[in-house]
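> what follows is a predicted structure for the sequence shown.
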Amino acid sequence: MQQIDTRLLLDTTQPSTLPKKVIYILVRARTNPKIVRWAFLLFVSTFPIEPIDLEAIRGVSSLARVAGLLFFSTCLLYPKVCFRRPPQALWWFAGYVSVYGLMGFFIPEQFVGRFIIGFQTFIQLLVLCWVGSTLLQEEKFARHTLLTFSSATLLTATGMLLGLPGFSETWGGGRLSTAGFNPNGLAIVVALAAQALIGFGIEQTRRNIWMRVTFIAMSFFPLTAMVYTGSRGGIVAFLIGVALYALPYRRSKRKMIA
């Protein structure tokens, strides 16, 4: 111990190369404007009830369109935040839309109207993916978005299973749907919500065990609704999606549990 102390004392006599003063700079994390966040969450909450027609309001076809117009209006107020440089994956989507647009020069005249509607939809989705991928880079906001979408879908699925007026609709072959949804389209929506709820339930960073159990239990409602839609494609898509949760456990002893 004496030898170590002597060496330390000798080292202190030498000129130190360490800075004499340390300055800490606090950099504030980039957050999305509050009005944009709330408008986006409102827009996302209308996805499960998108086919509901608003015939009483002239020129308005659905709640999702009203919420979408409100959301894009708020984005125009903050263009530097909402319309930043798009991610590289979005350019592949843009290339697909471009090829689809070129296809319009080679289709028969009787299909032009349907083509224009589809092309407009792709343009809207392209812009939505651009803005959405920018806003969802904030991890906390991405969690809130998934939770909002899952909660809205959970209410819709519960109303369908309980047979509430306006929430339950029977299609051919005994297939159930809700609010004018095609059963195949509804199956995809509830499958996404169930996958998100399961993701919240198995999240390792969430220490509250009761919250994790609650999320897992909530996932049974959209899962049951998905089965009642009778959509085989929706079930296959759900199984492929949740299979990704097992990949981190592929070399673990808990892989069978996963």
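In hand now; what should we look at?
> S73 sits in which helix or strand?
helix 63-77 (DSSP states H and E).
> compute the inter-axis angle for whatever helix or strand F43 lives in and helix 63-77.
Using DSSP H and E, the element containing F43 is helix 34-45. Using axes from the mean of the first three to the mean of the last three C-alpha atoms, to 10 degrees, the inter-axis angle of helix 34-45 relative to helix 63-77 is 160 degrees.
> who touches whichever strand or helix holds M211?
Take DSSP H and E as the rule and M211 turns out to sit in helix 209-218. If you take C-beta atoms under 8 Å, 6 or more residues apart in numbering as the criterion, helix 209-218 is touched by S150, L154, L197, I198, F200, G201, I202, E203, R206. In short, each C-beta sits where N, CA and C put it, glycine included.
> tally up the residues packed near G241, please.
Counted with other C-beta atoms under 10 Å, the neighbours of G241 add up to 16.
> surely it is in contact with Q195?
Yes: using C-beta atoms under 8 Å, G241 is in contact with Q195, at 4.7 Å.
> anything in contact with each of these two?
Common neighbours of G241 and Q195 are not found (criterion: C-beta under 8 Å, 6+ apart).
> what's the separation between Q120 and T46?
Distance, Q120 to T46, by C-beta to C-beta, to the nearest Å: 19 Å.
> which one's more surrounded, these two?
T46 (18 against 10).
> find the nearest non-adjacent residue to that one, please.
A64 (4.3 Å; C-beta to C-beta, 6 or more residues apart in numbering).
> hang on, isn't that neighbour packed against P48?
No: using C-beta under 8 Å, A64 is not in contact with P48; the gap is 9.6 Å.
> looking at those two, which is more packed in?
A side-by-side neighbour count of A64 and P48, using other C-beta under 10 Å, places P48 first with 30 against 18.
> look up how far Y245 lies from R251.
For R251, the distance to Y245 - C-beta to C-beta - is 15 Å.
> the more surrounded of the two?
Using other C-beta under 10 Å, the more surrounded residue of R251 and Y245 is Y245, with 14 against 7.
> correct me if wrong: the more buried one contacts G199.
Yes: using C-beta under 8 Å, Y245 makes contact with G199 at a distance of 6.9 Å.
> returning to that earlier point: packing partners of the helix holding S73?
Other elements packing on helix 63-77 under the criterion 3 or more C-beta pairs under 8 Å, 6 or more residues apart in numbering; DSSP states H and E are helix 34-45, helix 112-135.
> chain center to it: distance?
Distance, stretch centre to chain centre, for helix 63-77: 17 Å (C-alpha atoms, centre = their mean, to the nearest Å).
> run through the helices of the stretch 151-258 of the chain in chain order.
Taking DSSP state H, counting those that start in this stretch, the helices of the stretch 151-258 of the chain run over residues 183-201, 209-218, 220-229, 232-243.
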